Structures are given as C-alpha cells and as structure tokens.
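> What follows is a predicted protein model with its sequence.
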Amino acid sequence: MTVSQVGYDATGDNVHRMVDLNPFFIGGYINGAITKFVWTPDQWKLFPSSYHGHINVTGDPQVGNVLDVERGDATPGLVAGWINTRLPATADPLLVYCNRSNLAAVVQARSGTKWHGRVWIWIATLDGTLVSNRGMTQVGQLRDAAGAYADVSIVKSSALIAAMAARIGKQAL
C-alpha cells in the first residue's frame, strides 16, 4: 500500500494564510523578480515539521531543491546544469516542477544528468488528475473569498516521501 502526503506551496505574501495547515511538504520561492513572492527566513520557521521545498524560478544552479520550469521562469535548457550542480551540493532530494506541456523536455533534460535517484518530477495538472508515475502532482488550489492563495499537491512516491522525511529539520536555505 502506497501512502501519500499532502503539500502546499504559495507566494511569500500568502504564507500567513497557511500557518495552521501543518503540511508534510511546504514550498516557497527563494528568488525571482517579484520580491513579494520570495519567502523570508522567518516565514520558513513557521513550518518546522514540514519538508521545505525551496523553489528556484531563475534557474540559478547554486540554489534551491526545486527548480520551477514553466513560462516566465526557468527553462528546460537549465535543468541539466541545475541538477548537476545541486546534486553534489545538497543532501536534499531534488524536484523539477513542470506542467504537461513541458514534461517531455524536462524528462529528457533530466536523463542527461548524473541522476542518482534524487531527482523527481513534480507535475502540475490543476484539474485534479493525480499522475502516479511522478514524485508529486499539483492537483488544485486552496481558495477563499479573496481567491486562490496556495497550490495543493500530493506526494505519491514512497521513495520521495522517505527522502523528504529524512531531511525535515535538517535543511538550510
């Protein structure tokens, strides 16, 4: 039986709306042109029992454990360099976030790396579809009267769950 875990990610200006959720995975932005999206160190501290997904949108090969590959952010062409730089630099499992339209390019870029079972795909479907052969799937959003404020994901891979669990409380920005 495969056990799944729930995760959320949001922009820095929406962190205050998630403090009572206590998720297994919490994702936040660590760089990017829109500074209100970037999380502060104090915001990360609000989730001491969660695995921290430090989302890199620029493709900087020196930072993050999640590379956001979608329109306006990192490109599939940056995936291999990011993985090859980050793998030896962190004990954290790595994720490459993408959508269905760029999945093939991301998978191809990942296959050209020194992949050692520490790089998973986090795919966005946004229609509730759970993709079982990927590490994580973004399936929807949390909404209230003000609109959407966090994305909801399911961590399906038992190997990824174990790798994340082993790193909770041991991560640095």
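Structure received.

> Helices of the chain, start to end?
41-44, 79-86, 103-111, 158-167 (DSSP state H).

> from what I can see N14 touches Y149, true?
Yes: using CB atoms under 8 Å, N14 is in contact with Y149, at 4.3 Å. No exception for glycine: its C-beta is placed from N, CA and C like everyone else's.

> Include mean pLDDT when you put the helices of the chain into TSV, please.
Formatted as TSV, these follow (pLDDT from 0 to 100):
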stretch	mean pLDDT
helix 41-44	97
helix 79-86	96
helix 103-111	94
helix 158-167	96
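
> mind checking which of these is nearest V3?
helix 158-167 (6.8 Å; CB to CB).

> helices or strands up against that closest one?
Secondary-structure packing of helix 158-167 (3 or more CB pairs under 8 Å, 6 or more residues apart in numbering; DSSP states H and E): strand 51-56.

> which residues touch the strand it packs on?
7, 9, 24-31, 44, 63-68, 74, 82, 95, 97, 164-165, 167-168, 171, 173 (CB atoms under 8 Å, 6 or more residues apart in numbering).

> Which members of these are classed as buried?
Neighbour counting over these (16 or more other CB atoms under 10 Å) leaves 7, 9, 24-31, 44, 63-68, 74, 82, 95, 97, 164, 167, 171 as the buried ones.

> Which ones among those residues lie within strands?
Secondary structure from DSSP state E places 7, 9, 25-29, 66-68, 95, 97 of the buried ones among the contacts of strand 51-56 in strands.

> Quick check: the farthest pair among those?
I26 and L67 (17.0 Å).

> Distance from stretch 70-82 to the middle of the chain?
14 Å (CA atoms, centre = their mean, to the nearest Å).

> Look up the closest residue to Q141, ignoring the ones flanking it.
The shortest distance from Q141 to any non-neighbouring residue, by CB to CB, 6 or more residues apart in numbering, is to A148 (4.3 Å).

> E70 too?
N99 (5.8 Å).

> so the one you found bridges to which residues?
A124 (DSSP bridges).

> What is the burial count for it?
Neighbourhood size, N99 [other CB atoms under 10 Å]: 15.

> I'd say it and I123 touch.
Yes: in this structure, N99 is within contact of I123 by CB under 8 Å, at 6.9 Å.

> what touches both of the two?
Common neighbours of N99 and I123 (CB under 8 Å, 6+ apart) do not exist.

> any idea how far the residue located most distally from the centre of the chain is from R17?
Residue farthest from the centre of the chain, counting by CA atoms, centre = their mean, is A145 at 25.9 Å. Distance, A145 to R17, using CB to CB, to the nearest Å: 12 Å.
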